[in-house]
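Engineer: fold the following for me, if possible:
(chains A and B)
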There are 2 protein chains.
Amino acid sequence: MSQTNVSESHLSEFASATAVERQSETSFTAELREDWSVAGAVNGGYLLSVAAQALRANSPNAIDPLVLSTHYLGPSQGGRADITTRLIREGRSSATLAVDLAQNGAPKITALATMGNLADLPDDVATTAAPPDVPDPDQCITIAEAPIDFVESAPIVHRYDMRLDPGTAGFASGQPSGRGLLQGWIRLADDAEPDPLSLLAFLDAFPPVMFDLGRFNWAPTMELTAHVRAIPAPGWIKVRLQTRNIAGGMFEEDCDLWDSEGRLVAQSRQLARQPRD
Amino acid sequence: MSQTNVSESHLSEFASATAVERQSETSFTAELREDWSVAGAVNGGYLLSVAAQALRANSPNAIDPLVLSTHYLGPSQGGRADITTRLIREGRSSATLAVDLAQNGAPKITALATMGNLADLPDDVATTAAPPDVPDPDQCITIAEAPIDFVESAPIVHRYDMRLDPGTAGFASGQPSGRGLLQGWIRLADDAEPDPLSLLAFLDAFPPVMFDLGRFNWAPTMELTAHVRAIPAPGWIKVRLQTRNIAGGMFEEDCDLWDSEGRLVAQSRQLARQPRD
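Structural biologist: Residues are numbered from 1 along each chain as shown, chains lettered A, B, ... in the order given. Okay, here's the model as predicted:
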């Protein structure tokens, strides 16, 4: 049993909250933090970061989750989590692993990751997508201070500094646009700079995109696949959430994250059950 | 050892080519068909359908892959494949399973699926996405007859009737648009109607979207997550492929499939390595 991270006193709040402790070659424990929860369950994006800490600890030659596909099996709570990883294939500079997280013997997430090293990738950028037009953070609405019920049931909003584009914030005043679009900015509340693992958390940190369709109840994620494409530059991360296919009791939610240098550094798509309302 | 499918003589070409044979409670074999390959490897979309046959056989209460996340570990060849499934969580009308496919002991794909029953889903449709504007199939270019090198190295093009929108077919005459967009139509060559498992194959059947960027070499998929959202109506399936983020030696490719009634029945996003050229 050994610490896989340095003493918590030197860590950012995020690194400390996602730290894992090695129990064997392939198993770890984590202490899930109640204050990273929303609607009574630990946030799914935060769980991705915890899982990625375990993946990274067991993949020393390929430390970054290039693509992480996670199926959610039930809501997680604050407290101890047991994490196991399994190496499926190891290449020269990539590795594919499975990771499972359980609490009290009940499986909570099961995931597959292809790991690599973002710092070693070629520096070509031929991205055709353009960053969305979002007013500067000081022109946006601070979500933690917004007069919406969501905030009361979401302690996680205080772990981030999240700003919502007023142009997509109609839901907060009872006037959702119906477009299925939310935009804004995010960074960690303690101003720690973004890194590949916090990008995973950012992908599922914003209020659900269904808010913009006037659907405010809990929408459990079934699956979320995250691509982490580059080490983010310091500063604010620009967020764009969109849903296009709402049908059959489910919806998909796409999230794009852009860094302060205008690079599309992470993308995700999730499939979730529609809120019951 | 028992057949999990009825006699092949009653099956469509697709059902026959994707059939699996049970070897134990959780293991299966399949005979991968050389004629579903491209650039010397069995097509990745076809492999999804084979894997889904095994998943379906081991998930009698939830037969449709609502979301299937697949990591590709190496190219597959025609011939025997060994498939194992593992139940992770079973709910009333859903189940999450793992599935692994190997050849000669070498792992080829590892995947996670959340299964459900499309026929039992509520019939709400509030999809905001509109189907792309594509000329009728008889106004489009039949890919199997196109004067492009791709066809010679891709026997799989004869397993489908694939039609390419002339507006996105510039690559075939040496004039790729640079937008990263391909559109068209697909159905099975023997006119078998689409079903949830053939949708999986359709998601990765078209020429790679990188063709529209003038990049014609092999682009191996790292991961592909597929959502199957509805049982498709009979007839042609409309296809839209797009890439937006080409950087760091990788690119993402999104595929949308629309059925003949205008419903967005399946979506996928894959992360692939850029062609080496």
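Engineer: buried stuff in stretch A:238-249?
Structural biologist: Neighbour-count burial for stretch A:238-249, with 16 or more other Cβ atoms under 10 Å in any protein chain shown as criterion, is recorded at A:Lys238, A:Val239, A:Arg240, A:Leu241, A:Gln242, A:Thr243, A:Arg244, A:Asn245, A:Ile246, A:Ala247, A:Gly248. All C-beta spots, glycine's among them, are computed from the backbone N, C-alpha and C.
Engineer: got phi/psi on A:Ala111?
Structural biologist: phi -150, psi 160 (degrees, to the nearest 10).
Engineer: burial measure for A:Gly178, as a count.
Structural biologist: 13 (other Cβ atoms under 10 Å in any protein chain shown).
Engineer: let's verify A:Phe171: helix, strand, or coil?
Structural biologist: Three-state call for A:Phe171 (DSSP: H, G, I helix; E, B strand; the rest coil): helix.
Engineer: what ranges do the helices span in chain A?
Structural biologist: A:13-17, A:44-57, A:149-152, A:196-202 (DSSP state H).
Engineer: turn the ones you listed into JSON lines, including mean neighbour count and distance to chain B.
Structural biologist: Formatted as JSON lines, the helices of chain A follow (neighbours: other Cβ atoms under 10 Å in any protein chain shown; distance: least, Cβ to the nearest Cβ, whole Å):
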{"stretch": "helix A:13-17", "mean neighbour count": "19", "distance to chain B": "24"}
{"stretch": "helix A:44-57", "mean neighbour count": "26", "distance to chain B": "13"}
{"stretch": "helix A:149-152", "mean neighbour count": "13", "distance to chain B": "21"}
{"stretch": "helix A:196-202", "mean neighbour count": "26", "distance to chain B": "12"}
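Engineer: confidence-wise, which of these is weakest overall?
Structural biologist: Among the helices of chain A, helix A:149-152 carries the lowest mean pLDDT, at a mean of 79.
Engineer: what is the residue in the stretch 1-150 of chain A that chain B sits nearest to paired to in the beta sheet?
Structural biologist: Proximity of the stretch 1-150 of chain A to chain B (Cβ to the nearest Cβ) peaks at A:Ser69, 3.3 Å away. In this entry, A:Ser69 is beta-bridged to A:Leu112, A:Thr225, by DSSP bridges.
Engineer: so it sits right up against A:Met222, yeah?
Structural biologist: No: in this structure, A:Ser69 is not within contact of A:Met222 by Cβ atoms under 8 Å, at 11.6 Å.
Engineer: who are the contact partners of the closest residue in space to A:Phe211 that isn't next to it in sequence?
Structural biologist: Excluding the flanking residues, the one nearest A:Phe211 by Cβ to Cβ, 6 or more residues apart in numbering or on different chains is A:Phe171, at 4.4 Å. For A:Phe171, the contacting residues are A:Ile148, A:Ser177, A:Pro207, A:Phe211, A:Asp212, A:Gly214, A:Phe216, by Cβ atoms under 8 Å, 6 or more residues apart in numbering or on different chains.
Engineer: quick one, what contacts the closest residue in space to A:Met162 that isn't next to it in sequence?
Structural biologist: Nearest non-adjacent residue to A:Met162, counting by Cβ to Cβ, 6+ apart: A:Ile143, 4.2 Å away. Listed by Cβ under 8 Å, 6+ apart, the contact partners of A:Ile143 are A:Val151, A:Val157, A:Tyr160, A:Met162, A:Arg163, A:Leu164, A:Gly184, A:Phe206, A:Pro207.
Engineer: number of nearby residues for the closest residue to the second one other than its chain neighbours?
Structural biologist: Think A:Val157. Sequence neighbours aside, A:Ala144 is the residue nearest to A:Val157 in space, at 4.5 Å (criterion: Cβ to Cβ, 6+ apart). Neighbour count of A:Ala144, defined by other Cβ under 10 Å: 17.
Engineer: okay, now the domains of chain A?
Structural biologist: Under the assignment automatic domain parsing, the domains of chain A span A:2-117, A:137-273.
Engineer: can I get the buried part of the contacts of A:Phe171 as one PyMOL selection?
Structural biologist: Buried subset of the contacts of A:Phe171, written as a PyMOL selection, criterion 16+ other Cβ under 10 Å:
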select buried, chain A and resi 148+207+211+212+216
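Engineer: which two from the contacts of A:Phe171 end up farthest apart in space?
Structural biologist: Spanning the widest gap among those are A:Ile148 and A:Ser177, at 15.3 Å by Cβ to Cβ.
Engineer: who's in contact with the nearest residue to A:Pro176 once chain neighbours are set aside?
Structural biologist: Distances taken as Cβ to Cβ, 6+ apart place A:Gly214 nearest to A:Pro176, at 4.3 Å, with adjacent residues excluded. Counting by Cβ under 8 Å, 6+ apart, A:Gly214 touches A:Phe171, A:Pro176, A:Gly178.
Engineer: most neighbours among the contacts of A:Ile143, which one?
Structural biologist: Among the contacts of A:Ile143, A:Gly184 has the most neighbours (other Cβ under 10 Å), with 28 neighbours.
Engineer: coming back round to it: near chain B, list only the ones from the buried residues of stretch A:238-249.
Structural biologist: Of the residues in these, proximity to chain B by Cβ under 8 Å from any Cβ of the partner chain holds for A:Thr243, A:Arg244, A:Asn245, A:Ile246, A:Ala247, A:Gly248.
Engineer: can you lay out those residues as CSV showing pLDDT and distance to B:Asp64?
Structural biologist: As requested, those are exported to CSV (pLDDT from 0 to 100; distance: Cβ to Cβ, whole Å):
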residue, pLDDT, distance to B:Asp64
A:Thr243, 97, 21
A:Arg244, 97, 21
A:Asn245, 97, 16
A:Ile246, 96, 19
A:Ala247, 96, 14
A:Gly248, 96, 11
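Engineer: for the residue sitting nearest the centre point of chain A, give me its contacts.
Structural biologist: Taking Cα atoms, centre = their mean, the centroid of chain A lies closest to A:Ala201, which sits 2.4 Å from it. Residues in contact with A:Ala201 (Cβ under 8 Å, 6+ apart) are A:Phe14, A:Thr18, A:Asn43, A:Gly45, A:Tyr46, A:Leu48, A:Ser49.
Engineer: from the ones next to chain B among the buried residues of stretch A:238-249, which land in strands?
Structural biologist: The strands, defined by DSSP state E, take in A:Ile246, A:Ala247 from these.
Engineer: kindly reformat the ones next to chain B among the buried residues of stretch A:238-249 as CSV containing distance to A:Thr84.
Structural biologist: Output for those, formatted as CSV (distance: Cβ to Cβ, whole Å):
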residue, distance to A:Thr84
A:Thr243, 33
A:Arg244, 36
A:Asn245, 34
A:Ile246, 35
A:Ala247, 36
A:Gly248, 33
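Engineer: and the nearest residue to A:Tyr72 once chain neighbours are set aside, what does it touch?
Structural biologist: The spatial neighbour of A:Tyr72 that comes closest, neighbours along the chain excluded (Cβ to Cβ, 6+ apart), is A:Thr221 at 5.0 Å. The contact partners of A:Thr221, by Cβ under 8 Å, 6+ apart, come to A:Gly44, A:Tyr72, A:Asp204, A:Gln270, A:Leu271, A:Ala272.
Engineer: ok, A:Ala51 next?
Structural biologist: A:Ala51 sits in contact with A:Leu68, A:Thr70, A:Ile83, A:Val99, A:Leu101, A:Ile109, A:Ala111, A:Ala113, where contact means Cβ under 8 Å, 6+ apart.
Engineer: again with A:Asp190
Structural biologist: A:Ser12, A:Glu13, A:Phe14.
Engineer: for the second one, which non-adjacent residue is closest in space?
Structural biologist: Looking back up the chat, that one is A:Glu13. In space, A:Glu13 is closest to A:Asp190, 4.6 Å off (Cβ to Cβ, 6+ apart).
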